[in-house]
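*Asks:* 3D, please:
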Amino acid sequence: MTNNEELTPTEGIKMKQGSLKDDVVGIVNALKEREWAEHCTTTELGLELEVEITKLIGQLNHYIQLCERHNTPRE
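*Replies:* Numbering: from 1, shown residues only. Take a look at the predicted model:
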């Protein structure tokens, strides 16, 4: 495609799907490395996934803090 050509709606969607793949690969790699950073995605669906993972991590951290405060062994 040259600089003068415009994308059709279908071509734009295909490009976004490619970016979604990049988002998912980045998220999987971060989780494998036990790392997490917000704002690591570029697509709307990637952002939704990021938000939900961030919520889960926040809930887990809250649970860990409660266990530590009450000296409760974690399961």
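
*Asks:* now the helices: where do they sit in the protein?
*Replies:* Read by DSSP state H, the chain holds these helices, from start to end of the chain: 9-32, 44-69.

*Asks:* can I get those in JSON lines with mean neighbour count and mean pLDDT?
*Replies:* Where C-beta positions appear, they are placed from N, C-alpha and C, glycine not excepted. Converted to JSON lines, the helices of the chain look like this (neighbours: other Cβ atoms under 10 Å; pLDDT from 0 to 100):
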{"stretch": "helix 9-32", "mean neighbour count": "12", "mean pLDDT": "75"}
{"stretch": "helix 44-69", "mean neighbour count": "12", "mean pLDDT": "91"}
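
*Asks:* between the ones you listed, which one is nearest to Glu38?
*Replies:* Relative to Glu38, the nearest member of the helices of the chain by Cβ to Cβ is helix 44-69, separated by 5.7 Å.

*Asks:* what helices or strands is the closest one leaning on?
*Replies:* Contacts of helix 44-69 with other secondary structure elements, assessed using 3 or more Cβ pairs under 8 Å, 6 or more residues apart in numbering; DSSP states H and E, are made with helix 9-32.
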